[in-house]
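In: Build me a structure from this.
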Amino acid sequence: MKKLSLAQRGFVHVLGVLLYVFGVAAFMTKANSWFGETDQDFVTPVAVLMLFVFSALVTGGLVLGKPIMLYLDGQKKKALNYYYIPD
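Out: Numbering: from 1, shown residues only. Presented below is the predicted three-dimensional model:
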């Protein structure tokens, strides 16, 4: 497998986060027509907060997933230097 440069890795992570954000935005714009309007004062804030937490999980996984996997596999030095930019 070809080794990606730091800039290429960053671009791949940004692309993944961008696709996720566009997907969530597309879902939110179409949700009213798919599910209809509801008068649930309690469910809406809970759903938005759960979406916020899930989004933090997804974006954190997209950006930090590989270093965490390396660290847990015992490659601690490689994990800590995954985003290192030499002088």
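In: Where does pLDDT dip in the chain?
Out: Along the chain, segments meeting pLDDT under 70 span 1-2, 6, 38-40, 85-87.
In: So which residue is dead centre in it?
Out: Centroid-nearest residue in the chain: T59, 1.7 Å away (criterion: C-alpha atoms, centre = their mean).
In: Quickly find the element holding it.
Out: Under the criterion of DSSP states H and E, T59 resides in helix 43-72.
In: And the closest residue to the residue nearest to the centre of the chain other than its chain neighbours, how far from T44?
Out: Using C-beta to C-beta, 6 or more residues apart in numbering and skipping residues adjacent in sequence, the residue nearest T59 is V17, 5.2 Å away. Bear in mind the C-beta positions are built from the backbone N, C-alpha and C, glycine included. To T44, V17 is 25 Å away according to C-beta to C-beta, to the nearest Å.
In: How about L19?
Out: Where T44 is concerned, L19 sits at a distance of 25 Å (C-beta to C-beta).
In: And Q8, by the same measure?
Out: Taking C-beta to C-beta as the measure, Q8 falls 40 Å from T44.
In: try L62
Out: Distance, L62 to T44, by C-beta to C-beta: 27 Å.
In: of those two, who's got more company?
Out: L62 (17 against 11; other C-beta atoms under 10 Å).
In: The helix holding T59 packs against which elements?
Out: Identification of packing neighbours for helix 43-72 by 3 or more C-beta pairs under 8 Å, 6 or more residues apart in numbering; DSSP states H and E yields helix 6-35, helix 76-80.
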